[in-house]
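> Task: produce atomic coordinates for the following.
(one chain, ligands or ions: 1)
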Amino acid sequence: MSDPILSLKGVRTNIAQYHILQGVDLDVPRGAVTMLLGRNGVGKTTTLRTIIGHWRAHEGQVLFDGQDIARLPTPAIARLGIGFVPEDMGIFSDLSVEENMTLAAVSGPIDSTRLEWLFSVFPALGTFWKKDAGTLSGGQKQMLSIARAMIEERRLYLIDEPTKGLAPAIISTMARALRELKEQGASILLVEQNFSVARALGDSANVMDDGRMVWSGEMKQLATDAELQERLMGLSMENH
Ligand SMILES: Nc1ncnc2c1ncn2[C@@H]1O[C@H](COP(=O)(O)OP(=O)(O)OP(=O)(O)O)[C@@H](O)[C@H]1O
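As a prediction, this is how the structure comes out:
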């Protein structure tokens, strides 16, 4: 692969006394959706949090466009153009949808064309624009969380389980939004447990086990090989 936008090389991350990431290697190509898959608790979230600097890699490199960002503070990493959508959403419950979106647009006022696009993929945001985010349903909060990351064009999006716990209709809305983001040429690293969403969106796939990458290849190869899925992930994944 030529010139990935992000490369992890031998990344080791400890949380307290635990060796959670034990030498993670990962390439994220430009303008594509890269899936990060694996059983529960293998280190997917820790990988995203290490990239964005919430956890520190104590060994290895996190190369963003060739620059090692492993020792930068999180705000500096975000300013390089990396958007992060955490699994726990990270929205401000006491602020309105509008205020949440305004705060997310860090480089200036909200771009109206981009906001119109977000209203078209997430109509609930327009409907509840003046409401406190804390009063939204779980699915609407998740939409707000993703929309906050999308309000400005980022060079790379890190998205952690965007469909987790959502009803099927909202999963479709979420998948459509991610597909549209992909069609705009975005580079996305996506953790997703819903295998049908992973299969529909992913270009390449990387499977983790026990703090390491155990398989990397084309998503369509993984999607069509049931034995491989079973071996790598013990697939009890939905819609499979
Ligand atoms: N703050 C923490 N303190 C101690 N251990 C942690 C902490 N955060 C994560 N871990 C441990 O690190 C390991 C990897 O967790 P991580 O959340 O990265 O896995 P994951 O693959 O994203 O799992 P899931 O699919 O369940 O979200 C797990 O064993 C978890 O218990």
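> Would you map the strands across the protein?
6-15, 18-28, 33-37, 57-64, 67-68, 82-85, 156-160, 188-191, 204-209, 212-218 (DSSP state E).
> Quick one: mean pLDDT over the first one.
Model confidence over strand 6-15 averages 96 on the pLDDT scale.
> which of the strands of the chain sits most buried?
Burial among these, expressed as mean neighbours by mean count of other CB atoms under 10 Å, is greatest for strand 33-37, which shows a mean of 25. Bear in mind the C-beta positions are built from the backbone N, C-alpha and C, glycine included.
> Spatially nearest residue to Leu95, not counting backbone neighbours?
Spatially, and ignoring its direct neighbours in sequence, Leu95 is nearest to Ala133 (6.1 Å; CB to CB, 6 or more residues apart in numbering).
> Same check on Gln22?
Gln22 sits nearest to Gly211 (CB to CB, 6+ apart), 3.8 Å away.
> Verify the stated contact: the one you found with His19.
Yes: counting by CB atoms under 8 Å, Gly211 touches His19, with 6.7 Å between them.
> Find the residue at the geometric middle of the chain.
Centroid-nearest residue in the chain, with CA atoms, centre = their mean: Ile159, separated by 1.2 Å.
> what's it in contact with, if anything?
Phe84, Val85, Ile146, Ala149, Leu178, Ile188, Leu189, Leu190, Val191 (CB atoms under 8 Å, 6 or more residues apart in numbering).
> mind listing the helices in this structure by residue range?
Ranges of helices within the chain are 44-51, 74-79, 97-104, 112-121, 123-127, 138-150, 168-183, 195-201, 219-223, 226-233, based on DSSP state H.
> Just the residues contacting stretch 12-29, thanks.
Stretch 12-29 is contacted by residues 1, 4-11, 34, 36, 43, 46-47, 50, 55-60, 156, 187, 189, 203-204, 206, 208, 210-213, 216 when judged by CB under 8 Å, 6+ apart.
> could I get the strands of the chain as CSV with distance to Leu166?
Converted to CSV, those look like this (distance: least, CB to CB, whole Å):
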stretch, distance to Leu166
strand 6-15, 27
strand 18-28, 25
strand 33-37, 18
strand 57-64, 30
strand 67-68, 35
strand 82-85, 14
strand 156-160, 13
strand 188-191, 15
strand 204-209, 21
strand 212-218, 27
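> Going by mean pLDDT, which of those comes out lowest?
Among those, strand 82-85 scores lowest, at a mean of 91.
> near the ligand, anything from that one?
No: counting by CB under 6 Å from any ligand atom, no contacts exist between strand 82-85 and the ligand, the nearest distance being 13.6 Å.
> Summarise which helices and strands that strand is packed against.
helix 138-150, strand 156-160 (3 or more CB pairs under 8 Å, 6 or more residues apart in numbering; DSSP states H and E).
> Mind listing residues that contact it?
Residues contacting strand 82-85 (CB under 8 Å, 6+ apart): 48, 51-52, 64, 78, 145-146, 148-150, 152, 154-160, 162.
> Kindly recompute the last result at 6 Å.
Ile52, Ser145, Ile146, Ala149, Arg154, Leu156, Tyr157, Leu158, Ile159 (CB atoms under 6 Å, 6 or more residues apart in numbering).
> what two of those residues have the greatest distance between them?
Using CB to CB, the pair of the contacts of strand 82-85 lying farthest apart is Ser145 and Leu156, separated by 17.0 Å.
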